[in-house]
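A.B. asks: Sequence and computational prediction follow.
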Amino acid sequence: MLETLRGLKDLRILVVGDVMLDRYIFGRVERISPEAPVPVVEVEREEFRLGGASNVANNLANLGVKTYLAGVVGADYGQHILRGLMKSAGIEDLTVEDPQRPTTEKARVVSMSQQLLRIDWEDRRPIGGKVLKELLERLDVDVDGVIVSDYAKGVVCQQLMDRIKEKKVFISIDPRPVNKHLYFGADLMTPNEKEAKQMGGDKPVETLGWKLKEELGLKTLVITLGANGMSLFDREYFHFPARAKQVYDVSGAGDTAVAVLTSAYIATKDWHIACGLANLCAGIVVGKLGTTPITLEEVIKEIEEG
C-alpha cells in the first residue's frame, strides 16, 4: 500500500460537481430559551471546511494528487471562503461564478459533539446559459481521470456528462439516484447501500449490485456499506469488511471512498488494492467529527501499524 501511495503523486485528476462550503458552529448549551422551548447555544468557535465535490478534491490533494475542481459558486462572501480553502489545499480552481445562485453552504450547530441543527443555503435548479457554457470550457484540462461528485444541486446534467465522456479518460461517479440516467457507461460508480436500493430496488446487496452494473453498463461498481465495509462488482464479486476502529461520524466518508478508489485504481489497475486502501481511509475519517479529509500522514501511520 505504501508503494501505491507513492504513485499517487504522479496523477492528475479532475473533480466535477456540486462544490459546497461546510460551516461548523461549536458552542455550549446551559439553558433553554425563554422565547421558545429550544436550547441556547453560546458560540465558542466557528470552522469552515470544504464539502461536497470540494471535499473529494481535498482528499485527493491531501494524498499528493494534482487536483482540479470544476463547479459553480455564487457571487457572495461564501465563494471567497471556499476559494481560499481550495488555494490552501493546493487545489486548482476551475469553478464558475453564477450571480443568480448562492454558494451552496451547510451550517451545522454542534454542542458537546452533538449536532443540534443544520441550516442549508442552496439552489437546486439546473445550471444553463453562459454559466454552463463556461463550465464546459473549463473541463478542457489534461488529466488521467475525472470524478463526478453529484449531490443533485443542478450542476451535473447531460451536457456536462457528454463533455466529460469526450475526454476518453477514466470516469467515476459518486451518484444521486435522481440522476441515475446520466451515469450510463461509467468506469466506476460508488453508491452507498441506500442510494443503490433507491436506484435498483430493495434486494440483497449482491443481487442489487449485478443488476445496477448491467442496467447502467458500468465497468465496475462498488457499493459502500458503512460499518459493514464495501462490496466490489467487477469481473466477480468480492466483499471487503470495514476497517474502522470506531464510527463517530459518517459525514464525508463517501467522498473519501470515491477519491481513494479512483486514484488508487488509476495508479495500480488493481481493484483489490484500491478497495483495500479506500476501506482503510474511510475507516479513519468516520472516526472524526464532521466533514474531514484523509491525510497522507494518517494513512501511512495506519499502514505501518498494521
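C.D. replies: Thanks, I have it.
A.B. asks: quick one: contacts for residue 99?
C.D. replies: 74, 75 (CB atoms under 8 Å, 6 or more residues apart in numbering). In short, each C-beta sits where N, CA and C put it, glycine included.
A.B. asks: And the pLDDT for it?
C.D. replies: We note a pLDDT of 96 for residue 99 in this prediction.
A.B. asks: so what's the residue most central in space within the chain up against?
C.D. replies: Nearest to the geometric centre of the chain sits residue 255, at 2.6 Å (CA atoms, centre = their mean). Counting by CB under 8 Å, 6+ apart, residue 255 touches 52, 55, 56, 59, 149, 174, 291, 293.
A.B. asks: Surely residue 3 forms part of a helix?
C.D. replies: Yes: counting by DSSP: H, G, I helix; E, B strand; the rest coil, residue 3 is located in a helix.
A.B. asks: what's the burial count for it?
C.D. replies: 9 (other CB atoms under 10 Å).
A.B. asks: mind listing the helices in the stretch 201-306 of the chain by residue range?
C.D. replies: 205-215, 253-268, 271-285, 296-304 (DSSP state H, counting those that start in this stretch).
A.B. asks: which one of those lies closest to residue 70?
C.D. replies: Residue 70 lies closest to helix 253-268 among the helices of the stretch 201-306 of the chain, at 15.3 Å (CB to CB).
A.B. asks: Between helix 271-285 and that closest one, find me the angle.
C.D. replies: Angle, helix 253-268 to helix 271-285, by axes from the mean of the first three to the mean of the last three CA atoms, to 10 degrees: 150 degrees.
A.B. asks: how much space is there between residue 32 and residue 41?
C.D. replies: 11 Å (CB to CB, to the nearest Å).
A.B. asks: Other residues contacting the helix or strand hosting residue 78?
C.D. replies: Residue 78 belongs to helix 77-89 when assigned by DSSP states H and E. Residues outside helix 77-89 that contact it (CB under 8 Å, 6+ apart): 19, 21, 48-50, 54, 57-58, 61-62, 69, 73, 93, 95, 97, 102-103, 105, 121.
A.B. asks: let's see it at 10 Å
C.D. replies: With contacts defined as CB atoms under 10 Å, 6 or more residues apart in numbering, helix 77-89 is touched by 19-23, 48-51, 54, 57-62, 67, 69, 71-74, 76, 91-95, 97-98, 102-105, 121, 293.
A.B. asks: Show me what counts as buried in it.
C.D. replies: 78, 79, 81, 82, 83, 85, 86, 89 (16 or more other CB atoms under 10 Å).
A.B. asks: out of those, who's nearest residue 14?
C.D. replies: Once CB to CB is applied, the member of the buried residues of helix 77-89 that ends up nearest residue 14 is residue 86, at 13.7 Å.
A.B. asks: And for the chain, the residue most distant from the center?
C.D. replies: Distance to centre of the chain, CA atoms, centre = their mean, peaks at residue 34 (40.3 Å).
A.B. asks: A helix includes it, no?
C.D. replies: No: under three-state DSSP, residue 34 sits outside any helix and is assigned coil.
A.B. asks: Between residue 32 and residue 41, tell me which one has more neighbours.
C.D. replies: residue 41 (18 against 11).
A.B. asks: can you pull up the bridge partners for the more buried one?
C.D. replies: As for beta bridges, residue 41 partners with residue 29 under DSSP bridges.
A.B. asks: Filter the contacts of residue 255 down to just the buried residues.
C.D. replies: Judged by 16+ other CB under 10 Å, buried ones among these: 52, 55, 56, 59, 149, 174, 291, 293.
A.B. asks: thought the last one was touching residue 256?
C.D. replies: Read that as residue 293. Yes: between residue 293 and residue 256 there is a contact at 6.7 Å, judged by CB atoms under 10 Å.
A.B. asks: Quickly list what's touching both of the two.
C.D. replies: 55, 56, 58, 59, 60, 62, 63, 281, 284, 285.
A.B. asks: can you put the residues you listed in JSON lines and add pLDDT and distance to residue 192?
C.D. replies: Putting those into JSON lines (pLDDT from 0 to 100; distance: CB to CB, whole Å) gives the following:
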{"residue": "55", "pLDDT": "96", "distance to residue 192": "15"}
{"residue": "56", "pLDDT": "97", "distance to residue 192": "14"}
{"residue": "58", "pLDDT": "96", "distance to residue 192": "20"}
{"residue": "59", "pLDDT": "95", "distance to residue 192": "16"}
{"residue": "60", "pLDDT": "97", "distance to residue 192": "20"}
{"residue": "62", "pLDDT": "95", "distance to residue 192": "22"}
{"residue": "63", "pLDDT": "94", "distance to residue 192": "21"}
{"residue": "281", "pLDDT": "90", "distance to residue 192": "16"}
{"residue": "284", "pLDDT": "86", "distance to residue 192": "18"}
{"residue": "285", "pLDDT": "84", "distance to residue 192": "14"}
